[in-house]
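# got a structure for you, letters missing:
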């Protein structure tokens, strides 16, 4: 049972068999050898039998994310590719499982952010790269002109762990996160090809688009949503999702910025999508992190909370003593979008990000909906 003060870690494995209602995967395939016209397009392919979904939410003391990652890395037979904003080796048990996989012959590549605006990020990641290289792992920093904000691991091109969790003690054991493990070769290939392109050229302007057919109107579907450079695939998908929502929109976000002066921006479009959904009579609830540790983020979230409240949206801030680092959206109680994208300009329109949508999967959504409900119950309204 969920407790009021804190949420427990939740692990639920859901298997989707290959039936008439089997999940369809819209895989963002970036084949290097593909013609230029299709290099950044997405493909729609049937899911294989036994697609497995592992919702990973909550933090208390045990780190379920750590256990799930360790199990995936321990089972790896050929490759592990990791794309992360930050790694801090000390106090991070996940790194040890990565080193162990490399030691038994698994090919391991790690790409981390090299920041041109925050020296501490580069310093931490440079130390992590040195540690990983010393243990035989092929690790490097990205181009400082880009910002790698994704939190993504790909195992044997068949398992993907994606969400909001960086690899450091606070993120793993204390922050409130939303992640998912997906066992499906199509999803693994999608994000694997995306990683290959970034590994070859982190500053490549990958203008991702949804192609290869519309998202199915019936049955469950998985949609891989990687973004890089000049891509706004996540923003476009979520905006369309909000426009077609019929009952509810619940969002737990670490960071949101509103830009009234830039009404045509992708971020403004997302905020407008929430307002329009509320205007149609939907239950729209937004929980934002208080960001008490970062003054600029705290100011942006408070401004956003006030703007949403004045626009008719039910909004709350979390407890200032905790960090809600999730980037989670649950729509109509059956569709979930999660990953690394915050709702601000750089995250939506410029960063390297990784997200996934789990469409029309009420059993999966119920886990994240319960998680959101626990966060909401402990939130504070404006002025409290």
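That came through, no problem. Not measured: the values here are computed from a predicted model.

# centre of the chain versus the helix or strand hosting residue 110, how much separation?
Per DSSP states H and E: residue 110 is located in strand 107-112. Its chain's C-alpha centre and that of strand 107-112 lie 19 Å apart, by C-alpha atoms, centre = their mean, to the nearest Å.

# Over to stretch 241-253?
The answer for stretch 241-253 is 17 Å, by C-alpha atoms, centre = their mean.

# partners of the strand holding residue 110 in the sheet?
Counting by DSSP bridges, the strands paired with strand 107-112 are strand 79-84 (parallel), strand 138-141 (parallel).

# Can you say which of those strands is packed in most?
strand 79-84 (a mean of 24; mean count of other C-beta atoms under 10 Å). Just so you know, the C-beta spots here come from the backbone N, C-alpha and C atoms, and that holds for glycine as well.

# Quick one, which of the strands paired with strand 107-112 gets closest to residue 285.
Closest to residue 285 of the strands paired with strand 107-112 is strand 79-84 (C-beta to C-beta; 29.8 Å).

# Over that closest one, what's the mean pLDDT, rounded is fine.
Average pLDDT, strand 79-84: 98.

# next one: stretch 259-266
84.

# Tell me, how many residues neighbour residue 72?
23 (other C-beta atoms under 10 Å).

# in the protein, what spans have low per-residue confidence?
Applying pLDDT under 70 to the chain flags the ranges 1-49, 59-61, 207-216, 383-384.

# Give me the most central residue, it.
Compute the mean C-alpha point of the chain, and by C-alpha atoms, centre = their mean the closest residue is residue 339, 0.8 Å away.

# in the stretch 101-250 of the chain, which spans are strands?
107-112, 138-141, 151-155, 159-163, 178-183, 221-227, 248-253 (DSSP state E, counting those that start in this stretch).

# which stretch among these comes nearest residue 333?
So among the strands of the stretch 101-250 of the chain, strand 248-253 is nearest, using C-beta to C-beta, at 6.3 Å.

# how about the strands of the stretch 101-250 of the chain in TSV, adding distance to residue 196?
Output for the strands of the stretch 101-250 of the chain, formatted as TSV (distance: least, C-beta to C-beta, whole Å):
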stretch	distance to residue 196
strand 107-112	9
strand 138-141	13
strand 151-155	10
strand 159-163	14
strand 178-183	19
strand 221-227	12
strand 248-253	30
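
# closest one to residue 194 among these?
Comparing the strands of the stretch 101-250 of the chain under C-beta to C-beta, the one sitting nearest is strand 221-227, at 4.4 Å.
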